[in-house]
Each structure stands twice: as structure tokens, then as C-alpha cells.
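# Provided below for reference: sequence and predicted model.
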Amino acid sequence: MSRAFPLEKLRNFGIVAHVDAGKTTTSERVLFYTGMSHKIGEVHDGETVTDWMEQERERGITITAAAISCNWAKTLETDRTNKDLQYTFNIIDTPGHIDFTAEVKRSMRVLDGAVVVFDGAAGVEPQTETNWGYADEANVPRICFVNKMDKLGADFDASVKSIEDRLSKKAVRIQLPIGAEDDMSGVVDLVTMKAYRFGGEMGMDVTEEDIPENMVEDAKKWRAELIERVVEHDDALMEAYLGGEEPSLEDLKKTLRKAVIANAIFPIMTGTALKNIGVQLVLDAVVDYLPSPLDLPPVEGTNPNNEEETLERKPSDDEPFCALAFKLQDDKFVGQLAFFRVYSGTVKAGSYILNASTGNKERVGRIVRLQADKREEVEEVYAGEIAAAVGIKEVKTSHTLCDEANPILLEQITFPEPVVAVRVEPKTKNDQEKMSVALKRLADEDPTFKVSTDEETLETIIAGMGELHLDIIIDRMKREFGVEANIGQPQVAYRETIQSEAEAEHKYVKQSGGRGQYGHVKLRIKPLVALGEDEEVAKNVTRDDHFEFVNNIKGGAIPQEYIPAVMKGCKEAMSRGFVAGYKMEDISVELFDGSYHDVDSSEIAFKLAGINAFKEAAERANAVILEPVMKVEVRTPEEYMGDINGNLSSKRGQVEGTEEIGGKTIIHAKVPLSEMFGYTSSLRSMTQGRASMTMEFDHYAVVPPNVAEEIKRERGVQNKGGDE
């Protein structure tokens with residue numbers, strides 16, 4: 001079996017946006033225009049292809065990223081059925097709600113480009129900023145699509161300004177809308193200097209015409225800016241332009257493509273997916289400006305047998321097989337599906353591969369291409385493609401799959417920590433057995449969903465990114481796994497840390513006849529400082545995101561074999577907390593001295609010495625409780641602004657500024673999560689239902705002393721004097 005299409009004609013891209021910006025509506029038009037569906041499903045009817053879960057259709061939001069493969073020939077090609085003119089798209093429709101942000105983050109890691117959708121009446125919204133940041137981290141080229149230009153209050157110029165102010169000055173318009181709100185009727189393309197109208201069934205008939213007379217001057221003005229921004233990326237074009245020569249259409253497109261792939265320009269397009277205007281031109285722009293796998297540098301990784309050796313894999317079928325598993329999904333028909341992106345080489349159904357993250361050899365039972373919730377079985381997948389494997393047992397999100405003879409380990413995807421937790425208990429003994437299976441599968445699927453057990457009460461605690469996230473998990477437990485459970489009240493995921501440096505020494509000695517136990521350590525703890533871009537971790541340092549262990553033992557005061565036990569003890573002490581029993585983080589621990597006994601010393605003795613020394617040091621290091629602080633954005637008519645500001649201040653919130661977009665005032669604030677439960681309902685009653693609110697996690701901050709005392713009382717913790 002050979003590749004069905006050349007690699008240069010492949011585009012892997014995602015459609016991303018804030019919730020309710022029209023992202024799924026846009027995806028449905030894409031499926032219709034590419035021939036993948038023969039009827040456009042609407043979100044409000046609950047009949048969309050990409051939002052296939054029952055929970056998505058009931059709530060009208062996207063919860064899980066859906067993968068789709070389709071073909072596209074450019075809009076004005078005369079023979080669009082000609083396979084030689086068609087491009088292959090692998091599209092991932094991602095969620096827009098902050099509670100499901102992990103879906104966007106992991107999708108960005110495996111995509112080559114993205115179409116970022118904006119609400120034309122709202123401009124940049126909070127989750128758009130978060131998604132844009134993920135794209136920056138992954139270095140993903142982007143096209144901006146200002147959607148909903150038919151909506152009341154739609155303002156293209158204001159939306160563009162919000163993109164420039166809040167996301168990137170590199171954004172530049174390559175289209176203008178013809179009209180707005182009820183008068184929206186087409187778009188002007190500044191690259192071709194033509195107008196485009198969309199008629200016939202569902203806007204299928206695209207016609208090219210001259211720019212309306214009343215828009216010619218505007219179009220010339222914005223095209224001049226576009227050309228100036230583009231020629232900066234080609235010395236020959238710049239020189240010719242300064243000499244009075246305008247670049248040809250071919251040179252303009254070629255140089256714009258180069259700049260987009262380099263993340264030097266983000267083109268802004270416009271339209272309205274609901275009224276079927278502009279979507280086909282966005283697909284043309286995906287072909288013209290977003291990269292194929294061949295346009296991007298080789299993927300880099302390390303040798304799992306020697307992590308200091310850097311390896312790379314080029315996007316070629318002839319290279320050794322290398323892929324990243326980026327998503328797991330439980331399928332009621334075939335079991336667990338592992339979505340993976342192939343960076344190099346090929347893999348066949350039934351073949352054996354190496355899971356470089358675990359070191360285990362795995363058999364790929366079957367391979368399927370996904371069309372949202374439908375599956376198309378294939379024999380082989382090639383470099384650049386996205387597919388799902390059935391039958392890989394030990395795979396987890398972010399694992400590297402590769403050729404056994406040529407191992408490589410790719411960088412893992414890091415996910416945000418959950419901020420809301422609830423207690424959950426099964427209603428019956430039968431539910432108890434099913435619940436543990438359900439929670440394990442759901443936690444495997446979603447890296448931001450965590451399951452733990454309270455050591456004192458032995459209750460099961462589930463934690464996620466927000467109340468909606470946990471509601472969906474509980475609903476899925478009931479529907480997919482048949483688990484009935486009682487759910488507690490949402491609780492904030494507090495953390496603890498230290499604010500100063502302290503030392504402690506502990507000698508663990510136990511003698512009870514026969515061989516005893518002896519471990520003696522001296523520790524120094526201090527707040528963890530983030531590494532600068534050019535700084536590297538020293539050889540004697542073990543470091544992760546929130547913990548650092550420095551081995552400064554000299555002259556064999558403690559044998560090397562006992563040092564990991566000390567580190568393990570410190571980590572265990574941090575997991576139990578000090579002030580109120582919450583997990584501690586952002587701490588650097590230095591082991592600088594100690595002693596051992598030739599006969600009585602053991603790993604367990606040094607682990608216990610580490611636990612006790614850490615506790616004693618924490619008592620002197622000004623330990624405090626940290627709480628999650630949310631970035632809150634309230635959109636309201638101006639007359640309610642004073643009431644809302646006062647209300648946010650009463651919740652320990654800090655209002656950081658306001659702006660006007662689409663006839664509404666936007667209030668930007670930072671508010672502790674503990675104060676925000678049920679806020680949507682109170683906001684509605686305060687504003688007669690005319691204001692709306694979004695929030696997302698921003699950072700952890702020290703809890704004020706009076707609030708810390710209240711938290712400790714609720715946890716039944718006596719004052720230890722460590723948080724004053």
C-alpha cells in the first residue's frame with residue numbers, strides 16, 4: 001500500500017476559539033463544503049458532527065477535541081473533483097471552554113497550523129488569549145477568522161484592534177467585510193483585490209467580482225499596509241517596492257506564506273459561518289499560507305538510552321517510525337483509542353513498536369482514521385498523518401511511540417494542575433467496583449482530571465479545572481459506566497509553600513535488639529526560583545516544575561545509595577503539607593551534610609530522617625497557604641459597572657481595568673476562586689440577566705492570615721505557628 005497523497009499537499013490544522021465564538025459552526029461548514037457531510041448540522045439543533053457526545057449536544061458546547069479528515073480543492077478551480085488539485089486536511093475541532101483547556105494544549109502540540117475564530121462583536125476573549133499562548137508555546141502558525149460579522153454589534157475594526165492589543169502586533173488584515181450586521185454580504189480580498197459573494201445552497205456558489213466603489217479607497221489603504229508588512233520578509237521585494245514596483249500576486253502570496261510559517265505575520269480574515277459567508281476562502285488560505293509537514297523543521301527528541309544525546313526525525317516515510325500519542329479516548333465498540341501524530345516513517349496495523357516512554361514493546365492491533373465519532377479502518381499510516389490505534393495497552397497521553405531499532409523520546413506535554421475538587425462516594429457496593437474502573441479510564445483520558453484518596457477519611461476525591469469539568473465527568477460516569485454516586489460540595493485546591501530560608505538537622509536512631517536503624521541528615525530549604533532561559537540544571541540537582549533537590553554531600557558523609565531515599569522523604573513530607581495538610585510546592589531542598597552507620601543505616605532510616613528534617617525546617621521557613629486566583633472578565637452594560645466593581649471588591653477581587661467592545665463594558669479583574677462559586681447566578685440577578693462572565697486560572701497567591709485561620713479551622717488543624 002502506498003501513500004494516497006503527496007506530503008506537500010497535507011495540512012494538519014486546528015480550529016480554536018473562546019466558547020461561543022462560532023468555532024463548531026465553522027467546522028460544520030468545513031465538513032459540508034469539503035463533501036464530508038451532506039447536511040449542515042447546527043449547534044442549536046444538537047445535530048453537529050464534531051460535537052457528537054450527548055453532553056456536548058445538550059449543552060451546545062464542545063467538550064472533547066474531534067478529529068476529521070477531508071479533501072479540498074481551491075474555491076475557484078474549474079475542476080474541483082480532480083484529485084491532482086486536491087489537498088488533504090486533518091482538522092481538530094477543539095473546545096473553547098476553559099475547563100477543557102487540556103484538549104487545546106495537547107492538540108496544539110501535534111498540529112502544524114491553526115485557524116483562530118473570533119466573535120466579531122466581542123473581539124478577543126479570555127480563552128482566546130489562553131489558546132493563543134498555547135500556540136505560541138508550540139510555535140504554531142495561525143490564521144485569524146473574525147466570525148459572526150452578521151451579529152448585532154459586530155465591529156471588524158474593533159475586533160482587529162483587540163487582536164493587535166491583546167494578542168500580537170504581527171496580525172494584519174488580508175480581507176475586509178462588505179457590510180456588517182444585517183448588511184453583511186461578502187468579503188474583499190486585499191491580496192487579489194477582488195470582492196467575493198456567496199450564493200446558492202448554503203453559500204456553495206462563490207463568485208468573484210470587482211470591489212464595490214464605496215470600498216475601493218479603504219481597500220487600497222489596507223492593501224498598502226499589507227504589502228509593506230509582507231515585503232519586510234524578502235530583501236529583493238523590499239528593494240523593488242521602495243523603487244516604486246508593486247510585487248506580483250505570485251510573489252506576494254509566496255512571501256506572505258513564508259512569513260506566516262515563520263510566525264512573523266498572522267493574517268486576519270472575516271465572514272460569518274452561520275450565514276455561509278467566507279468559510280471557503282479560509283480553507284483556500286489554509287492551502288496558501290499554513291505549512292505542510294515539509295515546511296517545518298524536523299522534530300527533536302533524545303535517545304532514551306542516553307538522554308544527553310539529541311536526535312531528530314525528518315518528515316519522511318523513509319525515516320524510522322516516530323509518533324506522539326496525544327489523546328486517549330474510551331470507545332464503547334473497540335475499547336481504548338490512542339490518537340497519535342506520525343512525525344516520521346510509517347506504521348502498519350499488526351506491527352510491533354516501542355513505547356519509548358515506558359520501554360515496553362507494544363503491538364498495534366488496528367489503526368483507524370477518525371471522522372469525529374465514526375471510524376475508518378486503514379492498513380498503514382504515513383509521516384505527517386494523524387490516526388488512532390486500537391490495542392496499545394500501556395500507552396498514556398504524551399508517550400512516544402517509535403521504531404524498536406531506532407528509539408527516540410519526544411518532549412512530554414505539560415498540563416495545568418486542577419483547581420477544584422469534590423468528594424465522591426458510590427451509592428451501592430456494586431457502584432463501588434464500577435466507579436474505580438470508570439475513574440481510572442476517565443483519568444487516563446484527561447490529564448487535568450485527578451483522582452486521590454483522603455488519607456484520614458479514605459474518601460475518594462476527584463479534582464478538575466472547574467465545576468463544569470467535574471459535572472461532565474460525573475455525568476459520563478453515570479451514562480457511560482452506569483455508576484450512581486453521591487457528590488460533595490466543590491472545594492478549592494489549595495497549595496502550600498514557604499517564604500524564607502531555613503535549616504534543620506534530624507538524626508533518626510532506633511535500637512530494639514539486633515540490627516537498628518540510623519539515618520542522619522542536615523537540610524536547607526528555600527523558595528524555588530525559576531531558571532532563566534540560558535540557565536541549565538547542574539549535575540547534582542534533580543528538578544521538576546515545583547521541586548528541586550540539591551545533593552551537596554561532600555567526602556562521602558552520606559553514601560550515594562541513601563541520597564534518593566532522603567529526596568523521597570522530602571517529597572513525601574511535601575505531599576502531606578505543613579500548615580493545613582495541602583500539598584507543598586515551589587521548594588528547593590539542599591542536602592548538605594549528615595552521617596551514617598556501617599551496619600544500622602538503611603534507606604528507610606534516611607527517608608524518615610528526610611521527612612522529619614523537612615518538617616522541622618518548614619516550621620522555621622514561614623510556611624503559608626496558597627489559593628488559586630482567577631482571571632475574571634465581566635461583560636456588562638455600562639449602567640451596572642459600579643455595582644459589579646463593588647461586588648468584585650467585596651470578594652477580595654482586584655479590578656485591573658476596563659475597555660469598551662461591541663457596545664459593552666469589559667471589566668478585567670483577578671479574584672480568588674473560593675469567592676467565585678455561584679457567581680454567575682448572582683451576576684445575572686444583579687444585572688437583570690444582561691451581563692456575562694468568564695474566568696480562567698491565573699496564578700496562586702498567599703492567602704490572607706484571617707482566611708488561612710478559617711481554612712485551618714475547617715480542616716481541623718491546630719495552629720502550628722508556621723503561617724503567621
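That came through, no problem.
# how near is Glu103 to His469?
For Glu103, the distance to His469 (Cβ to Cβ, to the nearest Å) stands at 11 Å. For the C-beta atoms, the positions are set from N, CA and C on the backbone; glycine is no exception.
# for Val110, same thing?
Between Val110 and His469 the distance is 22 Å, computed by Cβ to Cβ.
# ok, now Pro628?
Pro628 is 14 Å from His469, by Cβ to Cβ.
# ok, these two, which is more surrounded?
Neighbours around Pro628 and His469, counted as other Cβ atoms under 10 Å, are more numerous at His469. The numbers are 25 against 21.
# Assumed that one was part of a helix.
Yes: read with DSSP: H, G, I helix; E, B strand; the rest coil, His469 is one of the residues of a helix.
# Would you mind confirming that it makes contact with Ile462?
No: using Cβ atoms under 8 Å as the test, His469 is too far from Ile462 to be in contact (9.8 Å).
# Mutual contacts of the two, please.
Residues touching both His469 and Ile462 comprise Phe449, with contact defined as Cβ atoms under 8 Å, 6 or more residues apart in numbering.
# Any stretches of the stretch 1-150 of the chain with poor pLDDT?
1-2, 37-66, 96-101 (pLDDT under 70).
# Same question for the stretch 301-450 of the chain.
Regions of the stretch 301-450 of the chain meeting the criterion pLDDT under 70 cover residues 332-334, 371-374.
# go again using 90 as the cut-off
Applying pLDDT under 90 to the predicted model, the residue ranges of the stretch 301-450 of the chain that meet it are 303-310, 325-339, 349-350, 357-360, 362-379, 385-398, 411-450.
# need the helices for it, in chain order.
With DSSP state H, counting those that start in this stretch applied, the stretch 301-450 of the chain shows helices at 429-445, listed in chain order.
# which residues of it fall in strands?
Applying DSSP state E, counting those that start in this stretch to the stretch 301-450 of the chain gives strands spanning 306-313, 322-331, 335-344, 347-348, 352-355, 360-363, 366-371, 374-378, 380-381, 386-390, 400-402, 409-410, 420-426, 450-453.
# now those as TSV including distance to Glu638?
Shown next, in TSV, are the strands of the stretch 301-450 of the chain (distance: least, Cβ to Cβ, whole Å):
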stretch	distance to Glu638
strand 306-313	55
strand 322-331	43
strand 335-344	46
strand 347-348	58
strand 352-355	57
strand 360-363	59
strand 366-371	46
strand 374-378	48
strand 380-381	55
strand 386-390	46
strand 400-402	53
strand 409-410	50
strand 420-426	32
strand 450-453	41
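# With respect to burial, which of those scores highest?
With neighbours defined as mean count of other Cβ atoms under 10 Å, the strands of the stretch 301-450 of the chain peak in mean count at strand 400-402, which reaches a mean of 26.
# Give me the residues contacting that one.
For strand 400-402, the external contacting residues (Cβ under 8 Å, 6+ apart) are 301, 320-325, 340, 347, 353-357, 362, 392, 395, 408-410.
# pLDDT score for Lys169?
Reading off the confidence values, Lys169 has pLDDT 93.
# Is it in a helix, a strand, or coil?
coil.
# Can you list phi and psi of it for me?
Phi and psi for Lys169, reported as degrees, to the nearest 10, are phi -70, psi -10.
# if we can go back for a sec, list just the one of the strands of the stretch 301-450 of the chain that sits closest to Lys478.
Evaluated over these, closeness to Lys478 peaks at strand 420-426, with 11.4 Å, by Cβ to Cβ.
# Which strands and helices lie in contact with the closest one?
Here strand 420-426 touches helix 429-445, strand 460-464, helix 467-481, strand 485-487, strand 491-492, going by 3 or more Cβ pairs under 8 Å, 6 or more residues apart in numbering; DSSP states H and E.
# most packed of these?
Most buried of these by mean neighbour count (mean count of other Cβ under 10 Å) is strand 460-464; its value is a mean of 21.
# what about that strand, average pLDDT?
Taken as a whole, strand 460-464 carries a mean pLDDT of 86.
# who does it touch, helix- and strand-wise?
Of the remaining helices and strands, those touching strand 460-464 by 3+ Cβ pairs under 8 Å, 6+ apart are strand 420-426, helix 429-445, strand 450-453, helix 467-481.
# how about a cut-off of 10 Å?
Helices and strands touching strand 460-464, as assessed by 3 or more Cβ pairs under 10 Å, 6 or more residues apart in numbering; DSSP states H and E, comprise strand 420-426, helix 429-445, strand 450-453, helix 467-481, strand 485-487.
# counting contacts, what elements does the third one pack onto?
So that's strand 450-453. Counting contacts by 3+ Cβ pairs under 10 Å, 6+ apart, strand 450-453 packs against strand 420-426, helix 429-445, strand 460-464.
# Also the second one?
Helices and strands in packing contact with helix 429-445 are listed as strand 322-331, strand 335-344, strand 420-426, strand 450-453, strand 460-464, helix 467-481, strand 485-487; criterion 3+ Cβ pairs under 10 Å, 6+ apart.
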